[in-house]
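Coordinates for the following, if possible.
(one chain, ligands or ions: 1)
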Amino acid sequence: MSNFRKGSFGLLMLLLLLSILATLVVVDAGISVPINGLMIHYYEKNTTCKSAEYLVKLEVKKMWDLDHSITPALLRLAYSDCLVTGCDASILLDGKGSEKTAPQNSGLRGFAVIDRIKKILEDKCPGIVSCADILQLATKEAAALAGAPKYPVYTGRKDGMKSNASTVDLPPPSISWNKALAYFKLKGLDVLDLGTLLGAHTTGVTHCRYIVDRLYNFKNTKKPDPSMNSTLLNQLRKSCPRTTKPGQVQDPVVFLNPETNSNYSFTNSYYQRVLDHNAVLGIDQSFLSSTDGFRIAYEFANGFQDFKLSFSLAIDRMASLGVLTGDKGEIRRNCRFINADNPGNFSN
Ligand code: HEM
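Below is the predicted model:
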């Protein structure tokens, strides 16, 4: 039997459904069951900031109406935060040598979205809502607006006090399936989490520098990646020329999923593209190099509901990694600085 979570996929989906229902029952009954020290509606139940989640939702909607690309921006930000030293908002900290300065994090967007929400929450209830929770709540709202499920977000995280580029071990874009899986396992996630969370590449963009190897010199063969569909190859070569002329954008971006493109919508079309050899990043095409990867891509390409269900659980597992609760960490007043370094120009 493969090491895909035990049992057949149908059974797995039933279990996923039961888990979601169980979560919903807990929520509906209003019972606070701490998970990793987190709970549903922490701010409503345990603080004076009862409207925190509502305010996040309101602000995200306003910003999403102006710019739908905040959905992929926040999804990637959440991934970059949680996989490195846990979901502690360390990715948001400014400063020389902080995580956001690591090469893997270049091109990260969405910091201003979090700043704006934080400002509103600090005005309303100073010092109560953590940046780490704001990032998770805002990601959920933006993803839901794009078509993702409205998964429950457990809250009560504190913010970390350190951020160091040397801790950033996020894998490169053409990493093999097995190496990506080993990385996810190291962080406490599994093969279904990997296959499901990569589905976030259904929306958003990549810089050409992350795919030029696939277009022109795959594994130093001086030839393109043979696994890439030739029509896609020709399209991408036009958008990502081997050399750029003066005056041209040096490192343009292309859509990770040309089908959702500038709508930035959340669909399962990514998985059909994987099956059709139309994936843009090397890691995305690598599903087909593994039996489990193929089965996941096949299942989700043919079942948006299954993908949505699995996404709800996988993103919750990601959002639970290495959280700080209780007396660990702090509630930052400005997401870009730990409180001791806050330049103090943050009004409240
Ligand atoms: C092995 C794992 C992964 C690799 C190698 C990888 C790699 C990449 C790369 C190279 C980009 C393009 C970045 C740029 O050009 O600025 C990207 C974008 C993106 N990634 Fe991933 N990623 C991985 C996992 C994830 C996960 C788990 C998520 C979320 C749950 C995610 C969400 C995104 C999103 C939404 C974008 C588009 C960002 C935007 O439009 O600004 N990725 N990823």
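
and the residue in the stretch 51-200 of the chain that the ligand sits nearest to, helix, strand or coil?
Scanning the stretch 51-200 of the chain for proximity to the ligand using Cβ to the nearest ligand atom identifies Gly107 as nearest, at 2.5 Å. C-beta: built from backbone N, CA, C; applies to glycine. When classified by DSSP: H, G, I helix; E, B strand; the rest coil, Gly107 comes out as coil.

now it, nearest residue through space, not along the chain?
Of all residues not flanking Gly107 in the chain, His207 sits nearest, at 5.8 Å (Cβ to Cβ, 6 or more residues apart in numbering).

quick one on the thing from earlier: ok, the residue of the stretch 51-200 of the chain closest to the ligand touching Gly204?
No - using Cβ atoms under 8 Å, Gly107 is not in contact with Gly204, being 10.2 Å away.

What helices and strands are in contact with the helix or strand where Met318 lies?
Per DSSP states H and E, Met318 falls inside helix 304-319. Counting contacts by 3 or more Cβ pairs under 8 Å, 6 or more residues apart in numbering; DSSP states H and E, helix 304-319 is packed against helix 9-28, helix 70-82, helix 131-146, helix 191-197, helix 291-301.

ok so, going back, can you tell me the number of residues neighbouring the residue of the stretch 51-200 of the chain closest to the ligand?
With neighbours defined by other Cβ atoms under 10 Å, the count for Gly107 comes to 15.

can you tell me how far it sits from Asp193?
Gly107 is 23 Å from Asp193, where distance means Cβ to Cβ, to the nearest Å.

Next up, the contacts around the closest residue to the ligand within the stretch 201-348 of the chain.
Ranking the residues of the stretch 201-348 of the chain by distance to the ligand (Cβ to the nearest ligand atom) places Gly204 first, at 2.5 Å. Gly204 makes contact with Ser69, Thr71, Pro72, Ala73, Leu75, Arg76, Phe255, Leu256, Asn257, Tyr264, according to Cβ atoms under 8 Å, 6 or more residues apart in numbering.

Show the residue spans covered by the helices in the stretch 151-300 of the chain.
177-186, 191-197, 212-216, 230-239, 269-275, 282-285, 291-301 (DSSP state H, counting those that start in this stretch).

just so I know, which of those helices lies nearest Asp81?
Asp81 sits nearest to helix 191-197 of all those, at 13.4 Å, using Cβ to Cβ.

now that closest one, how far from the chain's geometric center?
Centroid displacement of helix 191-197 relative to its chain, using Cα atoms, centre = their mean, to the nearest Å, is 12 Å.

Can you tell me the closest non-neighbouring residue to Leu288?
Phe294 (5.6 Å).

How about Leu75?
Here the residue nearest Leu75, using Cβ to Cβ, 6+ apart, is Ala200, at 4.7 Å.

For the residue nearest to Gly107, give the beta-bridge partners.
Val253 (DSSP bridges).

Quick check, pLDDT for it.
His207 carries a pLDDT score of 97 in this model.

And the one 5 residues further on, by the same measure?
In this model, Val212 is scored at 97, pLDDT.

Next up, the contacts around it.
Contacts of Val212 (Cβ under 8 Å, 6+ apart): Cys240, Arg242.

can you pull the alpha-carbon coordinates of stretch 331-342 into PDB?
Extracted C-alpha coordinates of stretch 331-342, given in PDB (Å, rounded to 0.1, in the frame of the first residue of the first chain):
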ATOM      1  CA  ILE A 331       1.000  41.000  21.000                       C
ATOM      2  CA  ARG A 332       2.900  43.400  18.700                       C
ATOM      3  CA  ARG A 333       1.600  46.900  18.500                       C
ATOM      4  CA  ASN A 334       3.000  47.200  15.000                       C
ATOM      5  CA  CYS A 335       3.400  44.100  13.000                       C
ATOM      6  CA  ARG A 336       6.800  45.200  11.500                       C
ATOM      7  CA  PHE A 337       8.500  45.600  14.900                       C
ATOM      8  CA  ILE A 338       8.700  43.800  18.200                       C
ATOM      9  CA  ASN A 339       7.300  46.100  20.900                       C
ATOM     10  CA  ALA A 340      10.800  46.800  22.300                       C
ATOM     11  CA  ASP A 341      11.900  48.200  18.900                       C
ATOM     12  CA  ASN A 342       8.700  49.900  18.000                       C
END
